[in-house]
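>>> Give me a model of this one.
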Amino acid sequence: MIPNYQEFMRPFLEVAKSANGKEVKLRDVINLLAQRFNLSEEEIEERLPSGKQTILDNRIGWARTYLTKAGLLEATKRAHFIITDRGIQALQDKNAVINNQYLKQFDEFVAFKEQKNDSSSSQTASTELIEDSVDETTPDEVLRAAYKQINDALASDILSRTRKVSPAFFEQLLIDLLLAMSYGGSDEGMAHTLGKSGDNGVDGVINQDPLGVDQVYIQAKRYADGNNVGAGEIRDFFGALNLKKAQKGIFITTSEFTSSATQTAKDLGMRIVLINGKELARLMLRYNIGSRDEQVLSLKKIDEEFFES
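Reported below is the predicted structural model:
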């Protein structure tokens, strides 16, 4: 298990001290700490949700940032550091737990943590709440967790509302979603709902090319939670696709698929994609179907090459 970023603080200082006054490279510290904590290859390579950085690099990076802000480390050049006299003194107390609470004794660290731009009282309270929750997680992990919590709540709400719309509205909603996902290109005329007598239970179709040679058929089930799609409905959809000589189908429900339904879709030998309620809500949020962007936040980081030049 990868330690939290505060658990890396003392080991980081110990590695820096072992350099005997010479600077240490961040990458070397990361490699040494991975060995010290006996991390597996999978743990070393595990990445943040963004995929742009490993969790290990992120947490050790935050340990370095906090130690530097508290004056226990000093940056010499890009990704290189030396331990300061204050850092050496901190290590002399073998019983000291070097963490955020320990660092609060240093004015520089307190000033760093309290940086605000004329915050209102409510903003200050929010900041304090976030600070309290950063005991074991890095600030950007807190932000990502909050983002997930907001999206999970939105997904639940959007799925609940989708279950209450009319059948015709639901079928059109799915067409709009698939078009937003670039099925059928950008031409709205490439997709339309069916759902009429004689359509063999198929609710919509998307032409993948201008002549409609390659088509994707859609089956939609606006079911309540717990009313899951079974294997029989998958076989019925398979039969409808065969009647239309289709090779591709998408079965979407606002509930779930039973395990036998999922296995049946795999065994039938045709490309039938199953989308359950949770996946449908996630896609609707991602492609702004029934939702819209209220605010966009960008996470920034220092451009080291800019300052090197």
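>>> Ranking helices and strands of the protein by mean pLDDT, which lands last?
Sorting the helices and strands of the chain by mean pLDDT, DSSP states H and E puts helix 121-132 at the bottom, at a mean of 41.
>>> what helices or strands is the helix or strand following it leaning on?
As assigned by DSSP states H and E, the chain's next helix or strand after helix 121-132 is helix 139-162. Secondary-structure packing of helix 139-162 (3 or more CB pairs under 8 Å, 6 or more residues apart in numbering; DSSP states H and E): helix 55-69, helix 277-286. C-betas here are computed from N, CA, C, even on glycine.
>>> Quick one: name whatever helix or strand follows helix 139-162.
helix 167-180.
>>> and that next one, what does it pack onto?
Helix 167-180 packs on strand 191-193, strand 204-207, strand 215-221, helix 277-286, going by 3+ CB pairs under 8 Å, 6+ apart.
>>> contacting residues around the residue lying closest to Tyr287 once chain neighbours are set aside?
Leaving aside its sequence neighbours, Tyr287 sits nearest to Ala180 (CB to CB, 6 or more residues apart in numbering; 4.0 Å). Neighbouring residues of Ala180 by CB atoms under 8 Å, 6 or more residues apart in numbering: Tyr287, Asn288, Ile289.
>>> could you measure Ala180 against Ile272, distance?
Noted for Ala180: a distance of 21 Å to Ile272, by CB to CB, to the nearest Å.
>>> what's the answer for Arg27, then?
Distance of Arg27 to Ile272, given as CB to CB: 47 Å.
>>> Who has more neighbours out of these two?
When neighbours are counted by other CB atoms under 10 Å, Arg27 and Ile272 differ, and Ile272 comes out ahead with 19 against 12.
>>> Can I take it that the more buried one is in a helix?
No - read with DSSP: H, G, I helix; E, B strand; the rest coil, Ile272 is strand and lies in no helix.
>>> Tabulate the helices and strands packed on helix 139-162 (TSV), appending mean pLDDT and distance to Gln219.
Below are the helices and strands packed on helix 139-162 laid out as TSV (pLDDT from 0 to 100; distance: least, CB to CB, whole Å):
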stretch	mean pLDDT	distance to Gln219
helix 55-69	92	40
helix 277-286	94	13
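>>> Can you get me a residue count around the closest residue to Gln6 other than its chain neighbours?
Leaving aside its sequence neighbours, Gln6 sits nearest to Asn99 (CB to CB, 6+ apart; 4.1 Å). By other CB under 10 Å, 18 other residues sit near Asn99.
>>> Double-check Asn99 against Met9; I have them as touching.
Yes - look at Asn99 against Met9 with CB atoms under 8 Å: they come within range, at 6.2 Å.
>>> roughly how far is stretch 12-27 from the heart of the chain?
From the chain centre to the centre of stretch 12-27 is a distance of 33 Å (CA atoms, centre = their mean, to the nearest Å).
>>> how long is it from one end to the other?
In stretch 12-27, first residue to last residue: 12 Å (CA to CA, to the nearest Å).
>>> next one: stretch 4-13
Using CA to CA, the end-to-end distance of stretch 4-13 comes out at 16 Å.
>>> on that earlier part again, pLDDT value on the residue nearest to Gln6, please?
Looking at Asn99, its pLDDT is 95.
>>> List the contacts of the residue nearest in space to the middle of the chain.
For the chain, the residue nearest the mean C-alpha position is Pro49 (4.2 Å; CA atoms, centre = their mean). Pro49 makes contacts with Arg144, as judged by CB under 8 Å, 6+ apart.
>>> quick one: what helix or strand has it in it?
Residue-wise, Pro49 maps onto no helix or strand under DSSP H and E.
>>> likewise the one 3 residues further on?
Secondary structure assignment for Lys52, by DSSP H and E: no helix or strand.
>>> can you pull out the helices in the stretch 201-309 of the chain?
231-243, 259-267, 277-286, 304-308 (DSSP state H, counting those that start in this stretch).
>>> Could you dump those helices into TSV and include mean neighbour count?
Shown next, in TSV, are these (neighbours: other CB atoms under 10 Å):
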stretch	mean neighbour count
helix 231-243	17
helix 259-267	15
helix 277-286	19
helix 304-308	8
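>>> Just tell me which of the ones you listed ends up closest to Asp140.
helix 304-308 (17.7 Å; CB to CB).
>>> helices and strands around that closest one, which ones?
For helix 304-308, there is no helix or strand it packs on, judged by 3+ CB pairs under 8 Å, 6+ apart.
>>> circling back to that earlier point, could you redo the helices and strands packed on helix 167-180 as CSV and give each row distance to Ser156?
Output for these, formatted as CSV (distance: least, CB to CB, whole Å):
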stretch, distance to Ser156
strand 191-193, 26
strand 204-207, 25
strand 215-221, 19
helix 277-286, 7
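>>> Identify whichever of those lies nearest to Ala145.
Comparing these by CB to CB, helix 277-286 comes nearest, at 17.0 Å.
>>> No further queries at this time; thank you.
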